[in-house]
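coordinates for the following, if possible.
(one chain, ligands or ions: 1)
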Amino acid sequence: MSLFDKFAPLAAARADLGAHGTPPVATPIEDIISAAEGVIGGRRVILAGTNNYLGLTLEPEVIASARESLEHFGTGTTGSRMANGSYHAHASLERELAAAYGWPSAMVFSTGYQANLGSIATLAGKDDFLLLDSDSHASIYDGARLGAAQTIVFRHNDPANLDRRLTRLGSDASRALIVVEGLYSMLGDQPPLADFVEVKRRHGAWLLLDEAHSFGVFGATGLGLAEAHGLLDDVDFVVGTFSKSLGGIGGFCASPHAELELMRLASRPYIFTASPSPAVIAATRTALARVVAGSGLRQRLWNNIDKLYDALDSFGYRLGSDKPGPVAAIILPDRESALAHWRGLLENGVYANLMVPPATPKGLNLLRISLSAAHTPEHMDRIIQAFGQLQKAA
Ligand code: PMP
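The predicted model follows:
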């Protein structure tokens with residue numbers, strides 16, 4: 001017997017996928033050429049499986065801020081926000097995030113994962129209730145595990161199911177925190193946010209919206225799905241990450257409730273970890289300014305989204321979402337065809353994401369494309385041609 005015995009099924013599943021050639025999980029990226037191109041398996045490919053939605057990772061202005069900060073402040077803060085890890089820049093980024101939403105408070109965490117962990121586990125305490133969408137990201141489920149609230153899971157994107165569960169709570173619904181995402185990254189689908197808001201209001205509950213994949217993508221100033229639907233006044237907490245549209249690493253929770261500040265005193269994933277490095281904060285501040293100011297990046301991303309969704313539709317693929325968005329998830333009948341698609345795309349110079357059970361909802365086998373404002377019209381043509389080659393081969 002060994003502590004490692006329990007990993008045998010996972011090791012077997014991985015070996016199954018990656019026996020020959022470039023592995024489709026934890027694929028080594030040998031070099032980065034631009035925000036849209038890299039080297040995999042020794043060849044130049046279009047990166048169509050990143051979360052670099054606005055392509056800001058290599059933006060000269062963003063890099064310059066990071067470099068200046070790195071040289072002045074050094075590589076790390078070496079401490080927690082509660083001890084020696086609160087520099088002016090951390091507080092400035094929090095003020096800038098709060099100002100973008102027009103809210104009194106925002107807190108910065110070291111990753112988006114920790115932002116969910118630290119917000120969910122802390123906001124919903126021992127006598128409270130958490131209502132989670134069944135397709136929630138692992139960081140949301142882990143937040144529930146770290147905290148002490150009673151957790152109730154409702155059916156994915158189903159406000160009527162949530163309504164029934166809140167009805168059963170009666171007046172306790174005023175101590176219930178509902179968590180939904182602005183864009184679900186596996187299937188690329190969006191929640192019926194206005195319906196969720198209506199249910200939340202009627203029961204006097206609270207709503208946390210994880211805009212990890214929707215921040216920078218939706219809304220006139222890129223704040224996410226709540227902004228796009230004119231529902232910012234109806235959301236109690238927004239969680240976001242710096243690791244997708246903002247091109248860095250870190251996360252945040254922002255709120256129209258000034259009492260969010262109290263969370264700094266109680267949130268373990270905020271208190272017991274080192275704060276983000278100054279260079280990452282500086283890069284994020286510059287990226288945030290770019291996102292909020294507009295600058296045409298979102299329009300470029302949406303042009304690419306419309307082009308890809310139209311093409312995939314014309315090829316007759318079944319997609320995970322009927323509403324176009326930055327993630328296009330192609331549902332394939334089984335693991336073998338998903339793997340063959342993934343390999344076929346790579347051979348045609350396009351890196352996408354293979355997603356298979358147990359990582360996927362409903363046991364689906366998926367090939368995921370995520371788009372970027374950094375994809376040029378030529379990149380888009382090549383991505384679509386690569387699918388055309390697969391169709392011909394089928
Ligand atoms: N929430 C959601 C919905 C996510 O998809 C992710 C990352 N995949 C996170 C939170 C965590 O963000 P980060 O990678 O910044 O830790």
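
neighbours around the residue in the stretch 101-250 of the chain that the ligand sits nearest to, how many?
With distances taken as Cβ to the nearest ligand atom, the stretch 101-250 of the chain approaches the ligand most closely at Gly112, which sits 2.4 Å away. C-beta coordinates here come from the backbone N, C-alpha and C atoms, glycine included. Close neighbours of Gly112, defined as other Cβ atoms under 10 Å, add up to 24.

can you check Leu123 too?
The number of residues packed near Leu123 is 26, by other Cβ under 10 Å.

now Thr221
14.

swap in the one 5 residues further on?
For Ala226, the neighbour count with other Cβ under 10 Å is 23.

can you give me the pLDDT of it?
As summarised for this prediction, Ala226 has a pLDDT of 98.

what sits against it?
Ala226 is in contact with Gly182, Leu193, Leu209, Glu211, Gly219, Leu232, Asp234, Val235, Val238, counting by Cβ atoms under 8 Å, 6 or more residues apart in numbering.

let's have those in TSV, adding pLDDT, neighbour count and secondary structure.
As requested, the contacts of Ala226 are arranged in TSV below (pLDDT from 0 to 100; neighbours: other Cβ atoms under 10 Å; DSSP: H, G, I helix; E, B strand; the rest coil):
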residue	pLDDT	neighbour count	secondary structure
Gly182	98	29	coil
Leu193	98	24	helix
Leu209	99	26	strand
Glu211	98	29	coil
Gly219	97	22	coil
Leu232	98	18	helix
Asp234	98	18	helix
Val235	98	27	coil
Val238	99	30	strand
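
which member of those residues is positioned nearest Leu225?
Within the contacts of Ala226, the smallest distance to Leu225 is 3.7 Å, found for Gly182 (Cβ to Cβ).

I figured the closest one was touching Gly216, is that so?
No: taking contact to mean Cβ atoms under 8 Å, the distance of 10.7 Å between Gly182 and Gly216 leaves them out of contact.

so what sits against both of these two?
A shared contact of Gly182 and Gly216, defined by Cβ under 8 Å, 6+ apart, is any residue touching both; here these are Gly224.

how many other residues sit next to the closest residue to the residue of the stretch 101-250 of the chain closest to the ligand other than its chain neighbours?
Once its chain neighbours are removed from consideration, Gly112 has its nearest residue in Thr241; the separation is 2.8 Å (Cβ to Cβ, 6 or more residues apart in numbering). Applying other Cβ under 10 Å, we find 27 residues neighbouring Thr241.

what's across from Leu132 in the sheet?
In this entry, Leu132 is beta-bridged to Val153, Val179, by DSSP bridges.

scratch that, Asn365 is what I was asking about
Under DSSP bridges, the beta-bridge partners of Asn365 are Leu332.

do you know the pLDDT at it?
Reading off the confidence values, Asn365 has pLDDT 97.

check contacts around it.
Neighbour list for Asn365: Ile331, Leu332, Pro333, Asp334, Arg335, Ser337, Ala338, Met355, Val356, Pro357 [criterion: Cβ under 8 Å, 6+ apart].

so how far is the ligand from Gly294?
Plainly put, Gly294 is 24 Å away from the ligand if you go by Cβ to the nearest ligand atom, to the nearest Å.

pretty sure that residue sits against Gly216.
No: counting by Cβ under 8 Å, Gly294 sits too far from Gly216 to count as a contact (11.1 Å).

more neighbours: which of these two?
Neighbour totals were compared for Gly294 and Gly216, and Gly216 leads with 30 against 12 (other Cβ under 10 Å).

correct me if wrong: that one contacts Gly55.
No: under the criterion of Cβ under 8 Å, Gly216 lies out of contact with Gly55, with a separation of 10.6 Å.

near the ligand, which residues of the stretch 151-300 of the chain show up?
Selection of the stretch 151-300 of the chain residues close to the ligand by Cβ under 6 Å from any ligand atom yields Glu181, Ser185, Asp210, Ala212, His213, Thr241, Ser243, Gly251.

among these, who's most crowded?
Compared across these, Asp210 has the highest neighbour count, 31 neighbours, by other Cβ under 10 Å.

beta partners of it?
Applying DSSP bridges to Asp210 yields these beta-bridge partners: Glu181, Val239.

residue contacts, it?
Residues in contact with Asp210, defined by Cβ under 8 Å, 6+ apart, are Asn116, Ser136, His137, Ile140, Val179, Val180, Glu181, Gly182, Val238, Val239, Gly240.

that one and Ile140, how far apart?
From Asp210 across to Ile140, the span is 7 Å (Cβ to Cβ, to the nearest Å).

can you list the domain ranges for the chain.
5-58+296-393, 74-293 (automatic domain parsing).

most tightly surrounded among those?
Of all the domains of the chain, domain 74-293 carries the top mean neighbour count, a mean of 20, counting by mean count of other Cβ atoms under 10 Å.

endpoints of that one, how far apart?
Length of domain 74-293, first residue to last, Cα to Cα, to the nearest Å: 29 Å.

ditto for stretch 141-160
Using Cα to Cα, one end of stretch 141-160 lies 21 Å from the other.
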